[in-house]
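Visitor: sharing a model that was predicted from the sequence below.
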Amino acid sequence: MAPTPTHLRAAADGLRRIARRLDVDLEPLPARGDHRTWEGPAATSHRRAAADAGARARQATADLRTVAAGLDARADAVERAEAAAAEAARLEAERRAADRLEGRRPPEPSGRPAPPTLRPDAPFALVGEMGRG
């Protein structure tokens, strides 16, 4: 089953919610920069590692938002494709209805035009034409 625009948009909204929650959780982490401290090299190393982890996590939240935007774009494309298919089906139904009203048969599966048929309101039209001659 193909994903519907509703499912795609719900997935995108879920990713955005996750990204927002991660932003709140990552806010206390330090940003990249100079992490030297008077506490010594071990503390500096730990702060640098925390800042690197925070930067990677912030990049991951940005990637989540990018994926969510892609899902929204995919949902829009699916909606456009569904609308185009519905329009094509409507036009085909109108064409078939017009063909029925005019007494035309649908085209042959081979693609060749169907042979002419008599109209239902004039079943003996060809008899008179054949007699003239």
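Guide: Sure thing, it's come through.
Visitor: pLDDT below threshold where in the chain?
Guide: Low-confidence segments of the chain, defined by pLDDT under 70: 1, 30-40, 105-133.
Visitor: can you give me the helices in it?
Guide: Secondary structure of the chain by DSSP state H: the helices cover 5-26, 41-102, 125-131.
Visitor: excluding chain neighbours, what is closest to L22?
Guide: Excluding its sequence neighbours, the residue lying closest to L22 (Cβ to Cβ, 6 or more residues apart in numbering) is T61, at 4.7 Å. C-beta: built from backbone N, CA, C; applies to glycine.
Visitor: give the burial count for A57, as a bare number.
Guide: Look at A57: counted by other Cβ atoms under 10 Å, it has 15 neighbours.
Visitor: excluding sequence neighbours, find me the nearest residue to it.
Guide: L26 (5.2 Å).
Visitor: how far away is the one you found from A12?
Guide: Counting by Cβ to Cβ, to the nearest Å, the gap from L26 to A12 is 21 Å.
Visitor: how about A89?
Guide: For A89 relative to A12 (Cβ to Cβ), the value is 28 Å.
Visitor: neighbour-wise, which of those two wins?
Guide: Shown here are A89 and A12; by other Cβ under 10 Å, A12 has more neighbours (21 against 10).
Visitor: right, and that one touches D72 too?
Guide: Yes - using Cβ atoms under 8 Å, A12 makes contact with D72 at a distance of 5.1 Å.
Visitor: what sits in contact with each of these two?
Guide: In terms of Cβ atoms under 8 Å, 6 or more residues apart in numbering, A12 and D72 are not both contacted by any residue.
Visitor: got the contact list for stretch 7-15?
Guide: Residues contacting stretch 7-15 (Cβ under 8 Å, 6+ apart): 64-65, 67-69, 71-72, 74-75, 78.
Visitor: which of those residues sits closest to P41?
Guide: P41 lies nearest to L64 out of the contacts of stretch 7-15, by Cβ to Cβ, at 34.6 Å.
Visitor: number of residues surrounding that closest one?
Guide: So L64, with other Cβ under 10 Å, has 19 neighbours.
Visitor: could you do R16 as well?
Guide: 18.
Visitor: what of R96?
Guide: By other Cβ under 10 Å, neighbour count at R96 equals 12.
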